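J.: Sequence first, predicted coordinates after that:
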Amino acid sequence: MKRILTLSVLALALITGSCKKEGPAGPQGPQGPQGPQGNANVQGGTATVNFVWNASTGYGTADMTYDAITQSIVDNGAVLVFMDNGNGGWISLPYTDYSATGVSISYYFVYAVGSVRIYFSEQDLNNTYMPASAKFKVVAVAAAQKQAHPNTDWKNYNQVMQVVNESAPRSSK
């Protein structure tokens, strides 16, 4: 029994001791082609849009096309929209401003494959405060990206921009 154990240890030592790296490492391969701006999981971009007032509905709309909003994003991901506050910051939509005039104004949005529509409404349904144009940032987030960044506050512009590269949506007229 002692002899079998000794032979087993010796055989194991020979097997594991004879494994070694052969030759030097090869040269680094060529760099791959440049991918699209952004990444496969999160894409964001900025666009200035013009609002159009609809007196029969009492709200204004602005449309953008954005190819990053795919069926997969619509089904399983998220689309975020931020509005330029004019002071170097961004406001997450939906947003309501309760002004000193007593008339609240609201911005909100809907999205579909390839597009975003931003709505502007006033509490009194008049076209008193609607801007002619405004700047927005649209961010398309795949479900995998949200899972990969579980501690990101997706309504916080600065945190979202830490995981997003720019690729601009286009305004539609």
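T.: Thanks, I have it.
J.: Find the least confident helix or strand in this protein, judged by mean pLDDT.
T.: Among the helices and strands of the chain, helix 2-17 carries the lowest confidence by mean pLDDT, DSSP states H and E, at a mean of 51.
J.: Following element in sequence after that one, please.
T.: strand 42-50 (DSSP states H and E).
J.: List the buried residues of that next one.
T.: The neighbour-count check on strand 42-50 (16 or more other CB atoms under 10 Å) flags Val42, Gln43, Gly44, Gly45, Ala47, Val49 as buried. Just so you know, the C-beta spots here come from the backbone N, C-alpha and C atoms, and that holds for glycine as well.
J.: which one among the residues you listed gets closest to Ser99?
T.: The nearest member of the buried residues of strand 42-50 to Ser99, counting by CB to CB, is Val49 at 21.6 Å.
J.: Now for the nearest residue to the closest one once chain neighbours are set aside, how many residues are close by?
T.: If the residues on either side of it in the chain are set aside, Val49 comes closest to Ala62, at 3.7 Å by CB to CB, 6 or more residues apart in numbering. By the other CB atoms under 10 Å criterion, the neighbourhood of Ala62 contains 25 residues.
J.: quick one: Ala62 and Trp53 touch, right?
T.: No: in this structure, Ala62 is not within contact of Trp53 by CB atoms under 8 Å, at 10.7 Å.
J.: who touches both of those two?
T.: Both Ala62 and Trp53 lack any common contact, where contact means CB atoms under 8 Å, 6 or more residues apart in numbering.
J.: returning to that earlier point: and the furthest pair within the buried residues of strand 42-50?
T.: Put simply, by CB to CB the two of the buried residues of strand 42-50 set farthest apart are Val42 and Val49, 21.5 Å from each other.
J.: Adding pLDDT, write the buried residues of strand 42-50 out as CSV.
T.: Output for the buried residues of strand 42-50, formatted as CSV (pLDDT from 0 to 100):
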residue, pLDDT
Val42, 61
Gln43, 72
Gly44, 72
Gly45, 77
Ala47, 85
Val49, 88
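J.: you'd agree Val141 is up against Ser72?
T.: No: using CB under 8 Å as the test, Val141 is too far from Ser72 to be in contact (11.0 Å).
J.: of the two, who's got more company?
T.: A side-by-side neighbour count of Val141 and Ser72, using other CB under 10 Å, places Val141 first with 24 against 13.
J.: how close does that one sit to Ala100?
T.: Counting by CB to CB, to the nearest Å, the separation of Val141 from Ala100 is 36 Å.
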